[in-house]
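Engineer: Predicted model follows, preceded by the sequence.
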Amino acid sequence: MVNARLSRRAALRGGAGVLLGGASLGVLPLFGSPDRKQDPDSCRARDLSASQKRLVVSNWPAYIDEDDDGYVSTLTEFEQRTGIKVDYTADVNDNLEFFAKVVNQLGSCQPSKRDMFMLTDWMAARMIQVGWLQPLDRTKVPNLHANLIDSLKGVGWDPDRTYSAPWQSGLSGIAYNKSKVKEVRSFEELLSRPDLKGRISLLTEMRDTMGLTLLSQGADPSDFSGDEWDDAIDRLRKARSDGQIRAFTGNEYIQDLSAGNILACEAWSGDVAAAEDENLVFVSPEEGTMIWSDNMLVPNLATHQGNAEKWIDYYYEPEVAAKLAAYVWYICPVKGAQEAMEKVDPTLVDNELIFPTAESLKTMHSFMALEEFQIRAYEGDFADVIGG
Amino acid sequence: MRRGRFTGYWLMLPAALWLALFFVIPFYSLLATSLYDPEGSVLTGYDVTYHFANFVDALDDFWEPLLRSLWYAAVATAICLVLGYVLAYAIAFKAGRWSSLLLVLVIAPFFTSFLIRTLSWKLILADDGFVVDTLQFLHVLGDDSRLLATPVAVIAGLVYNFLPFMVLPLYASLEKIDGRLIEAAGDLYASPSRGFLKVTLPLSKPGVIAGTLLTFIPAAGDYINASLLGSPNQRMVGNVIQNLFTSTGDYAAAGALSVILMAIIVAMVMVYIRTAGTEELV
């Protein structure tokens, strides 16, 4: 009797559960994720630059000079010259992470609360493709078009530099702590030397890490086959399961390198100089380096585009560019900066990390442009290795 | 009389709204995400196509971090239980007038952010830090070994961060125990340890259950400790989910994995509560 009652109650409960579940499944389609393509023409804000002397900028850490007693930074000089108050935040640590940060706003034509941010070529290309960026007014950035170095002109994804202005270029190579470990000469050494086991880090940027891995496997990152890709992924997976790799990081690797938790790592060329630690050394691996650029971009619904254009034009003055390059030690995209460097710091005029010669440019490789389906497959493979 | 009939419902309204807004809707959104068409992408959007194979694929690809998470969380919970019980017992029965101060000290770490506290452990356990140096000097650790980027560091981080969640419910149930019951056990010739096993421990069971749940559930889903104190070989399921959402943009897999984690935890908790045999917590 009791049992029968109980089971009837259970049956009722179960029935109610199934009903509720069925009804629930019905509402699920409401939660689909929309197409993120936007039209920059219709998703534009009124430019308040004339009345509001403000500019909100997001950039990577250690990517600009800073005021120090006696030294006036390029940013402060810009503020003094134009009267524009710059709200500068170093909150870009990784292209994909930043993309995830803004995808909901920019993908649905909402303001990102930023007037400008700096992202790497491939991500800039992607954002142009989906219409998240505003074209720059050519007449307001004459220095950009006059002074951009030839090697950065005519890129496939933005041939006339309508949407993008290179901020700095740089190399991905190796850094090591010379007080703790003997010279690391190649990427293969980094992935295999026993004294580095568990003491190296690699970057979460797929194109940097896989580019160097492809090079170490004898493949060309600017033109590789699916088999070569698979070999490179297997090489990286092996290094990980061997316990060689301590971490995959964004910009924060430099603290671990200084602290001695890692002895050597994949690194971006300017970061080592910015760390101001004489034990840290940047080397271009024997297999070659990866070269990339980060670009100043103005997103949809930016309210101070005019001020952003003033900023771009200012940083394309050779003297300003030289001063910035002397501080950040990245490859300078501005013509005439090498001559201007004479006055800023004569020892840097022939520095290959800032002004690479035609000879050294041959050892610098770029990553091939990927179709959307390749991006998915390759990013997926890479994420499996670094995250799973 | 008539006016009073609906008072109860009105009073439930804020709680119901809260649940709808912050639990029911997000839950449906997550469930929908787990059933997305895996051919979609962040840029082109995802449609809900009831692609149940997402669950199979997610389990197939990520069973390892999933099991690791449950294992780490279980070990951390067990350690928390031992440490937390001793601490709560001392505060409840032995600390006398110091008990409120000690309780404040248990909560004090919460005044600093979770992230900052975990980052500090990274400094404390650093390869060249004093902890590792001392342990190497004492030959507890070999010259080449380390603490950071090992399971030990990750589990220690979990224990540290979730210990207060164990101590507080334990304290609450221990403190409620009538001291005269323990005295009575003594009067009936029970040894102190027997008295503890027969009186104190059973009476503190609600605290044990609440504490283990409050520790295990967040620990199993945690990703901060593994990402700051571990290496890629200690990745927990939380890290995988975070990566799938923010880096790969594979919402379908991320959603499916989240739902699986949720289902496993709910199932484990239900079995646990059934076998532990309590309906009331604390």
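Structural biologist: Sure thing, it's come through.

Engineer: Pull out the buried positions in stretch A:157-168.
Structural biologist: A:157-158, A:161, A:163-168 (16 or more other Cβ atoms under 10 Å in any protein chain shown). Bear in mind the C-beta positions are built from the backbone N, C-alpha and C, glycine included.

Engineer: would residue A:246 count as being in a helix?
Structural biologist: No - per DSSP: H, G, I helix; E, B strand; the rest coil, residue A:246 lies outside any helix segment and is strand.

Engineer: pretty sure it contacts residue B:231?
Structural biologist: Yes - counting by Cβ atoms under 8 Å, residue A:246 touches residue B:231, with 5.1 Å between them.

Engineer: These two - which one has more neighbours?
Structural biologist: residue A:246 (27 against 23; other Cβ atoms under 10 Å in any protein chain shown).

Engineer: closest to residue A:351 among the buried residues of stretch A:157-168?
Structural biologist: In terms of Cβ to Cβ, no member of the buried residues of stretch A:157-168 lies closer to residue A:351 than residue A:168, at 13.7 Å.

Engineer: how near is that closest one to residue B:115?
Structural biologist: Residue A:168 sits 30 Å away from residue B:115, going by Cβ to Cβ, to the nearest Å.

Engineer: Then residue A:91?
Structural biologist: Counting by Cβ to Cβ, the separation of residue A:91 from residue B:115 is 15 Å.

Engineer: Show me which of the two is the more surrounded one.
Structural biologist: Taking neighbours as other Cβ under 10 Å, residue A:91 and residue B:115 compare with residue A:91 leading, 14 against 10.

Engineer: That one belongs to a strand, doesn't it?
Structural biologist: No - with three-state DSSP as the criterion, residue A:91 is located in coil rather than a strand.

Engineer: can you tell me which residues contact whichever residue of the stretch 51-200 of chain B sits closest to chain A?
Structural biologist: Closest residue of the stretch 51-200 of chain B to chain A, Cβ to the nearest Cβ: residue B:128 (4.3 Å). Taking Cβ atoms under 8 Å, 6 or more residues apart in numbering or on different chains, we find residue B:128 in contact with A:259-261.

Engineer: which of these are close to chain B?
Structural biologist: A:259-261 (Cβ under 8 Å from any Cβ of the partner chain).

Engineer: Can you say which of these are buried?
Structural biologist: With burial judged by 16+ other Cβ under 10 Å, the buried subset of the ones next to chain B among the contacts of residue B:128 is A:260-261.

Engineer: ok so, going back, overlap in contacts of residue A:246 and residue B:231?
Structural biologist: Contacts common to residue A:246 and residue B:231, judged by Cβ under 8 Å, 6+ apart, are A:198, B:149.

Engineer: doesn't residue A:46 fall inside a strand?
Structural biologist: No - looking at residue A:46 with three-state DSSP, it is coil, so not inside a strand.

Engineer: what's the burial count for it?
Structural biologist: 8.

Engineer: So which residues on the stretch 151-282 of chain B come close to chain A?
Structural biologist: Proximity of the stretch 151-282 of chain B to chain A (Cβ under 8 Å from any Cβ) is limited to residues B:231-233, B:235, B:239-240, B:243-251.

Engineer: Compare those and tell me which is most surrounded.
Structural biologist: residue B:240 (29 neighbours).

Engineer: Now do the same contact list for the residue nearest to residue B:122 when sequence neighbours are not counted.
Structural biologist: Leaving aside its sequence neighbours, residue B:122 sits nearest to residue B:228 (Cβ to Cβ, 6 or more residues apart in numbering or on different chains; 5.5 Å). The contact partners of residue B:228, by Cβ under 8 Å, 6+ apart, come to B:118-119, B:121-122, B:157.

Engineer: So residue B:228 versus residue A:363, what's the distance?
Structural biologist: Applying Cβ to Cβ, the value for residue B:228 to residue A:363 is 36 Å.

Engineer: Next, count neighbours for the residue in the stretch 1-150 of chain A positioned nearest to chain B.
Structural biologist: Closest to chain B within the stretch 1-150 of chain A is residue A:31: 3.4 Å, counting by Cβ to the nearest Cβ. By other Cβ under 10 Å, the residues close to residue A:31 number 19.

Engineer: Wait, it touches residue B:29, no?
Structural biologist: Yes - using Cβ under 8 Å, residue A:31 is in contact with residue B:29, at 4.6 Å.

Engineer: near chain B, which residues of the stretch 101-250 of chain A?
Structural biologist: So far as Cβ under 8 Å from any Cβ goes, the stretch 101-250 of chain A lies against chain B at A:103, A:107, A:126, A:130, A:198-199, A:204, A:240-241, A:243, A:245-248.

Engineer: In ChimeraX, how would I select the buried members of the residues you listed?
Structural biologist: Command for ChimeraX, covering only those of these found buried under the criterion 16+ other Cβ under 10 Å:
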select /A:103,107,126,130,198,199,204,240,245,246,247,248
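
Engineer: Inside helices: which ones of the residues of the stretch 101-250 of chain A next to chain B?
Structural biologist: Judged by DSSP state H, those include A:103, A:126, A:240-241 as members of helices.

Engineer: which residues touch residue 236?
Structural biologist: Using chain A here. A:191, A:202, A:209-210, A:213, A:385.

Engineer: oops, chain B please
Structural biologist: B:65, B:68-69, B:72, B:154, B:222-223, B:225-226, B:230.

Engineer: what does residue A:66 give?
Structural biologist: So residue A:66 contacts A:73, A:75 (Cβ under 8 Å, 6+ apart).

Engineer: one more time with 7 Å, if that's ok
Structural biologist: With contact set as Cβ atoms under 7 Å, 6 or more residues apart in numbering or on different chains, residue A:66 has these partners: residue A:73.

Engineer: I'd assumed residue A:157 was in a helix, is it?
Structural biologist: No - assessed by three-state DSSP, residue A:157 does not belong to a helix; its assignment is coil.

Engineer: what does the model give it for pLDDT?
Structural biologist: You'll see residue A:157 listed with a pLDDT of 93.

Engineer: Now do stretch A:317-327: everything it contacts.
Structural biologist: Here stretch A:317-327 makes contact (Cβ under 7 Å, 6+ apart) with A:64-65, A:74, A:143, A:147, A:314-315, A:332, A:334, A:336-337, A:339-341, A:344-345, A:348, A:354.

Engineer: Would you mind writing the ChimeraX command to select the buried ones in those residues?
Structural biologist: The buried residues among the contacts of stretch A:317-327 can be selected in ChimeraX (16+ other Cβ under 10 Å) with this line:
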select /A:64,65,74,143,147,314,315,332,334,336,337,340,341,344,348,354
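
Engineer: List the buried residues in stretch B:200-220.
Structural biologist: B:200, B:203-204, B:206-217, B:219-220.

Engineer: and what of stretch A:125-143?
Structural biologist: Here stretch A:125-143 shows A:125-128, A:130-136, A:141, A:143 as buried, counting by 16+ other Cβ under 10 Å.

Engineer: Can I get it in CSV, CA atoms only?
Structural biologist: C-alpha atoms of stretch A:125-143 as CSV (Å, rounded to 0.1, in the frame of the first residue of the first chain):
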residue,chain,number,x,y,z
ALA,A,125,42.7,41.2,-40.6
ARG,A,126,39.9,39.3,-38.9
MET,A,127,38.3,42.4,-37.4
ILE,A,128,38.4,44.2,-40.7
GLN,A,129,36.7,41.2,-42.3
VAL,A,130,33.8,41.3,-39.9
GLY,A,131,33.5,45.0,-40.1
TRP,A,132,34.4,46.0,-36.6
LEU,A,133,36.8,48.7,-37.5
GLN,A,134,36.4,52.3,-38.7
PRO,A,135,38.4,53.5,-41.7
LEU,A,136,41.0,56.2,-40.9
ASP,A,137,40.7,59.6,-42.6
ARG,A,138,43.7,59.7,-45.0
THR,A,139,43.9,63.4,-44.8
LYS,A,140,44.3,63.4,-41.0
VAL,A,141,47.2,60.9,-41.0
PRO,A,142,49.6,62.2,-43.6
ASN,A,143,52.6,61.1,-41.7
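
Engineer: Strands along the stretch 1-150 of chain A, start to end?
Structural biologist: All strands of the stretch 1-150 of chain A, identified by DSSP state E, counting those that start in this stretch, fall at A:54-58, A:85-89, A:116-120.

Engineer: That'll do, ta.
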